[in-house]
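Visitor: Need coordinates for the following:
(chains A, B, C and D)
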There are 2 protein chains.
Amino acid sequence: MIFLDVQELFSQIETIHPIIPVSEKALSTICRGVIFSKGKNVQEIGHTCKTIYFVKKGGVRIYYFKEATDITESFEFENAFVARAESLFTGKPSRKAIQAIEDTTLIAIDSNKLFKLFDTHHDLERLFRKIIETSYVNTVNRIESLQFNTAEERYKALLKDAPDVLKRVPLKHVASYLGITQVSLSRIRGIK
Amino acid sequence: MIFLDVQELFSQIETIHPIIPVSEKALSTICRGVIFSKGKNVQEIGHTCKTIYFVKKGGVRIYYFKEATDITESFEFENAFVARAESLFTGKPSRKAIQAIEDTTLIAIDSNKLFKLFDTHHDLERLFRKIIETSYVNTVNRIESLQFNTAEERYKALLKDAPDVLKRVPLKHVASYLGITQVSLSRIRGIK
DNA sequence: CAAAGGACTTATCATATGATAAATAATCAT
DNA sequence: ATGATTATTTATCATATGATAAGTCCTTTG
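Guide: Numbers count the residues shown, from 1 in each chain, chains lettered A, B, ... in the order given. Just a heads-up that it's a prediction; the model follows:
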């Protein structure tokens, strides 16, 4: 029996929706610790997502290809949850991959086992409902920014709301995340 | 006691996650029927969202203003659920309004009462978790289309995936939904 | 029915962003 | 360290979309 350190995970859970000890216990039994070095794929394109990850250390991005162009859908760093929703919640293979953008330590939660736990551990279902709600709100806000803000406005908003992303991620990935080419981002940054 | 016809609602629920009769009963006690004529706001900008709507008949849009420009965030028609997530799940006032785009009959579900029911009716929480998951997947897919598809690609995708929207909604609202001006949409439609 | 307003299209010109290429700069592997 | 990738910037030109304006068509309303 190897001990997995789930302290960061449970600290984070505490801030979202506290769960009772028996639920903590149940949850920890379906967690695995996994490590990926920078650049390695955590999950591949075409794989059906059956895992929810929690980032203990480092960071990951979800990305896909459109006509040979690498597009970053999202970044996640310490204390965030990561999953490819369009696969996890539909059971279909994902067109997207998850990649470690730094040397990264993750906790992998088996989603099928988690969903089963929801039957007996009501508080776990509520916890994950709240996590999904938060992710949903974030994507709704992101749609708003992509719908009618200029590339420059989106860049400046990112600079304001998540300056750490700019420090930890290659600009080419930031560019595609913002919905523009790297050259355009460079031009926008160049203007003072 | 006025009888509210919740048949369409429960038929739709059946397709998502069946609930037991006692939960149906509990849910129906927190539902109100409401009617709005075409053009009327169902909820106003600045109002904190405490209602989840189900569309029985007609259709609505969620919209907001960016610098005096009316922007449609989303459309919903028969058998869909509608709420302003960024307000409902955060408790903050919404910058968005909900408007009837046709003469519309809605079922209004009190969200605070619903959230309380989750404590005693586990299946209701699961039902709404699944509804949120589906909405989340839809927004993730929408981000993908806004991130790197051209306006023309987005228009053609809408034409393919939701041709009824084009038939039921003024093009000016479709245009802002697609993230372009009405004039651009008209140009795109004009080509061939 | 007439008038008025709203919806949609078309045209012109302006601009932000894309595509490509080339030059530095930074990072990585041997 | 050295050379080889990879990341970033800068420049030029092309293009999709925006802004504005004008005109047509449709709908509403008195």
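Visitor: what lines up beside the helix or strand containing A:Val34 in the sheet?
Guide: Assignment of secondary structure by DSSP states H and E places A:Val34 within strand A:31-36. Based on DSSP bridges, the strands next to strand A:31-36 in the sheet, each with its direction, are strand A:104-110 (antiparallel).
Visitor: Buried residues in the lowest-mean-pLDDT helix or strand in chain A, which are they?
Guide: Taking mean pLDDT, DSSP states H and E as the measure, the helix or strand of chain A with the lowest value is helix A:163-168, at a mean of 92. Of the residues in helix A:163-168, A:Val165 count as buried by neighbour count, 16 or more other C-beta atoms under 10 Å in any protein chain shown. C-beta coordinates here come from the backbone N, C-alpha and C atoms, glycine included.
Visitor: Using PDB, list the CA coordinates for it.
Guide: What follows is the C-alpha trace of helix A:163-168 in PDB, where atoms were taken according to Å, rounded to 0.1, in the frame of the first residue of the first chain:
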ATOM      1  CA  PRO A 163      -1.100  37.100 -15.200                       C
ATOM      2  CA  ASP A 164       0.500  33.900 -14.000                       C
ATOM      3  CA  VAL A 165      -0.700  32.100 -17.200                       C
ATOM      4  CA  LEU A 166       1.400  34.500 -19.200                       C
ATOM      5  CA  LYS A 167       4.400  33.700 -17.100                       C
ATOM      6  CA  ARG A 168       4.100  30.000 -17.200                       C
END
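Visitor: touching DNA strand D at all, it?
Guide: No. For helix A:163-168, no contact with DNA strand D is found by C-beta under 7 Å from any atom of the strand; the gap never falls below 9.1 Å.
Visitor: Check which element follows that helix along the chain.
Guide: Immediately after helix A:163-168, counting by DSSP H and E, sits helix A:171-178.
Visitor: List the contacts of that next one.
Guide: Identification of contacts with helix A:171-178 by C-beta atoms under 8 Å, 6 or more residues apart in numbering or on different chains yields A:61, A:63, A:69-75, A:101, A:151, A:154-155, A:158, A:165-166, A:181-182, A:184-186, A:189, B:147-148.
Visitor: for the helix or strand following that helix, what is the average pLDDT?
Guide: Tracing the chain C-terminally past helix A:171-178 and defining elements by DSSP H and E, one meets helix A:182-190 next. If you average the pLDDT over helix A:182-190, you get 94.
Visitor: Next to chain B, which bits of chain A? Give me the list.
Guide: Taking C-beta under 8 Å from any C-beta of the partner chain, the part of chain A that reaches chain B is made up of A:64, A:66, A:69, A:71, A:73, A:85-86, A:89-90, A:118, A:122, A:125-126, A:128-129, A:132-137, A:139-144, A:146-148, A:176-177, A:179.
Visitor: for A:Glu102, what are its contacts?
Guide: When contacts are counted by C-beta under 8 Å, 6+ apart, A:Glu102 touches A:Lys38, A:Gly58, A:Gly59, A:Arg168.
Visitor: if we can go back for a sec, what about DNA strand C: which of the residues of chain A next to chain B touch it?
Guide: Of the residues in the residues of chain A next to chain B, proximity to DNA strand C by C-beta under 7 Å from any atom of the strand holds for A:Gly179.
Visitor: Please identify the buried residues of the strand holding A:Val34?
Guide: Within strand A:31-36, the residues scored as buried using 16+ other C-beta under 10 Å are A:Cys31, A:Val34, A:Phe36.
Visitor: next one: that strand to chain centre, how far?
Guide: The offset between the C-alpha centroid of strand A:31-36 and the centroid of the whole chain comes to 15 Å, using C-alpha atoms, centre = their mean, to the nearest Å.
Visitor: what does it rub up against?
Guide: A:4-6, A:9, A:42, A:56, A:58, A:60, A:100, A:103-110.
Visitor: repeat that for 7 Å
Guide: Residues from elsewhere that reach strand A:31-36 (C-beta atoms under 7 Å, 6 or more residues apart in numbering or on different chains): A:Leu4, A:Val6, A:Val42, A:Ala100, A:Thr104, A:Thr105, A:Leu106, A:Ile107, A:Ala108, A:Ile109.
Visitor: So of these, which two are at opposite extremes in space?
Guide: Between all members of the contacts of strand A:31-36, the longest pairwise span (C-beta to C-beta) is found for A:Val6 and A:Ala100 and amounts to 19.7 Å.
Visitor: Need phi/psi at the residue nearest the centre of chain A.
Guide: By C-alpha atoms, centre = their mean, chain A has its centre lying nearest to A:Val82, at 3.1 Å. A:Val82 adopts backbone torsions of phi -140, psi 130, taken as degrees, to the nearest 10.
Visitor: quick one: contacts for it?
Guide: Taking C-beta under 7 Å, 6+ apart as the contact definition, A:Val82 lies against A:Tyr53, A:Val55, A:Val60, A:Glu76, A:Ile98.
Visitor: Leaving out the residues flanking it, which one is nearest to A:Phe10?
Guide: Leaving out its chain neighbours, the residue that sits closest to A:Phe10 by C-beta to C-beta, 6 or more residues apart in numbering or on different chains is A:Glu24, at 6.2 Å.
Visitor: if we can go back for a sec, now the contacts of A:Val82 in TSV, with neighbour count and distance to B:Glu14?
Guide: What follows is those, written out as TSV (neighbours: other C-beta atoms under 10 Å in any protein chain shown; distance: C-beta to C-beta, whole Å):
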residue	neighbour count	distance to B:Glu14
A:Tyr53	21	33
A:Val55	23	38
A:Val60	26	38
A:Glu76	21	36
A:Ile98	28	35
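Visitor: Out of those residues, which two sit at the greatest distance?
Guide: Every pair in those was compared (C-beta to C-beta); the two farthest apart turn out to be A:Val55 and A:Ile98, at 10.6 Å.
Visitor: A:Val6 and A:Ala100: which is more packed in?
Guide: Neighbours around A:Val6 and A:Ala100, counted as other C-beta atoms under 10 Å in any protein chain shown, are more numerous at A:Ala100. The numbers are 22 against 17.
Visitor: Now do the contacts for the more buried one.
Guide: A:Ala100 makes contact with A:Phe36, A:Ser37, A:Lys38, A:Gly39, A:Lys40, A:Val42, A:Gly58, A:Val60 under the criterion C-beta under 7 Å, 6+ apart.
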